[in-house]
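S.K.: curious how this folds, go ahead:
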Amino acid sequence: MTSPRSRISKAVIPAAGLGTRFLPATKATPKEMLPVVDQPAIQYVVEEATSAGLTDVLMITGRNKRPLEDHFDRNYELEETLRRKGDESRLSRVQQSSELATMHYVRQGDPKGLGHAVLCAAPHVGEQPFAVLLGDDLIDPRDPLLTRMTAVQEQHGGSVVALLEVDPEQVHLYGCAAVEPTGEDGVVRVTGLVEKPEPGEAPSNFAVIGRYVLDPAVFGVLRRTGPGRGGEIQLTDALQSMAEDPGIGGPVHGVIFRGRRYDTGDRGDYLRTIVRLACEREDLGPDFRAWLSTYVNEEMRTLD
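M.R.: Below you'll find the predicted structure:
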């Protein structure tokens with residue numbers, strides 16, 4: 001079992017998905033590179049990891065994902081052009097992505113599910129706890145979920161999942177956790193996990209969202225885990241085994257998240273995310289909110 005005081009420095013970001021819900025935009029552009037206002041969604045995720053002190057980032061990629069590597073690499077020609085123009089503001093923003101973290105990449109090959117993607121990280125991670133961040137979930141930096149999760153893991157050992165209380169009618173869309181209280185506000189003990197339970201069969205309405213802090217024992221469990229729901233190797237199934245037997249890498253805890261989360265995996269939520277974040281920007285917000293208010297009022301009059 002990993003020592004509860006092990007320091008976490010590595011983050012794994014699965015990014016091998018095809019992004020079929022956003023076709024044809026994702027035919028030649030990775031879904032992770034779709035812009036959220038004026039920076040790609042994946043950069044928000046990497047920034048979240050580094051803000052939590054995780055400076056070593058491994059992306060699990062696949063075919064047609066080369067733009068991810070290019071984005072987090074230096075672009076000397078562009079930088080020199082901006083420098084000659086004296087455009088220090090854009091130069092700083094271009095350089096920022098290449099200075100966030102030490103980036104590594106490995107290809108998943110066959111897309112066999114999230115559990116398989118995590119297993120691809122085993123040689124890089126080694127025998128230390130690590131974080132997994134899914135790119136479809138953006139967590140507002142004002143709500144430092146990952147920082148809280150790493151603190152819980154360092155205190156208790158084992159693994160930690162992020163939980164969101166959802167409408168019971170929506171829980172079938174998520175992995176769902178059976179939980180018991182710990183006496184600590186916002187932290188529960190996970191006693192079981194079910195991937196996308198059938199209506200009426202969910203153990204609670206606590207859904208697992210795309211943030212995990214995992215004990216390295218998960219790799220051994222994943223190697224023994226067969227295909228589950230959808231014919232894929234499910235990370236939820238491996239965590240279920242670990243929750244049932246804390247002797248396999250320690251207990252599983254959940255941090256209940258009550259902050260701001262943006263779902264960029266759904267087209268409607270993706271558009272709502274852009275609007276929300278644009279409205280909050282100091283440089284864009286005032287003009288954009290004024291235009292949006294006028295537009296909505298005009299639309300309402302049209303509907304009337």
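
S.K.: now the residue nearest to Asp143 when sequence neighbours are not counted: how far from Val12?
M.R.: For Asp143, ignoring the flanking residues on the chain, the nearest one in space by C-beta to C-beta, 6 or more residues apart in numbering is Gly259 at 2.7 Å. No exception for glycine: its C-beta is placed from N, CA and C like everyone else's. Gly259 sits 22 Å away from Val12, going by C-beta to C-beta, to the nearest Å.

S.K.: and Thr150, which of the three is it?
M.R.: helix (DSSP: H, G, I helix; E, B strand; the rest coil).

S.K.: so who does it touch?
M.R.: Taking C-beta atoms under 8 Å, 6 or more residues apart in numbering, we find Thr150 in contact with Ile8, Ala52, Gly53, Leu54, Ala131, Val160, Val213.

S.K.: the second one: what's its closest spatial neighbour, skipping adjacent residues?
M.R.: In this structure, Ala52 finds its nearest non-sequential neighbour in Leu146, 4.1 Å apart by C-beta to C-beta, 6+ apart.

S.K.: correct me if wrong: the one you found contacts Glu48.
M.R.: Yes. Leu146 is in contact with Glu48 according to C-beta atoms under 8 Å; the separation is 6.0 Å.

S.K.: can I get stretch 77-86 in CSV? Just the C-alpha atoms.
M.R.: The C-alpha coordinates for stretch 77-86 follow below in CSV (Å, rounded to 0.1, in the frame of the first residue of the first chain):
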residue,chain,number,x,y,z
GLU,A,77,8.9,31.4,-35.9
LEU,A,78,5.6,32.7,-34.4
GLU,A,79,7.4,33.9,-31.3
GLU,A,80,10.0,35.8,-33.3
THR,A,81,7.3,37.4,-35.5
LEU,A,82,5.4,38.6,-32.5
ARG,A,83,8.6,39.8,-30.9
ARG,A,84,9.5,41.9,-34.0
LYS,A,85,6.1,43.4,-33.9
GLY,A,86,6.4,44.3,-30.3
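
S.K.: and that stretch, how far out from the chain middle?
M.R.: Centroid separation for stretch 77-86 versus its chain: 33 Å, with C-alpha atoms, centre = their mean, to the nearest Å.

S.K.: cool, stretch 160-178 as well?
M.R.: On C-alpha atoms, centre = their mean, the centre of stretch 160-178 falls 15 Å from the chain's centre.

S.K.: stretch 138-148 now?
M.R.: In terms of C-alpha atoms, centre = their mean, the centre of stretch 138-148 is found 11 Å from the chain centre.

S.K.: stretch 137-150 too?
M.R.: 10 Å.

S.K.: ends of it, what's the gap?
M.R.: 18 Å (C-alpha to C-alpha, to the nearest Å).

S.K.: before we move on, the earlier item: where does the residue nearest to Asp143 land in three-state SS?
M.R.: coil.

S.K.: that older thread, quick one, which of Gly259 and Val12 is more surrounded?
M.R.: Neighbours per residue, other C-beta atoms under 10 Å: of Gly259 and Val12, the larger number sits with Val12, 27 against 13.

S.K.: excluding its backbone neighbours, what's nearest the more buried one?
M.R.: Nearest to Val12 is Ala121, by C-beta to C-beta, 6+ apart, at 4.4 Å.
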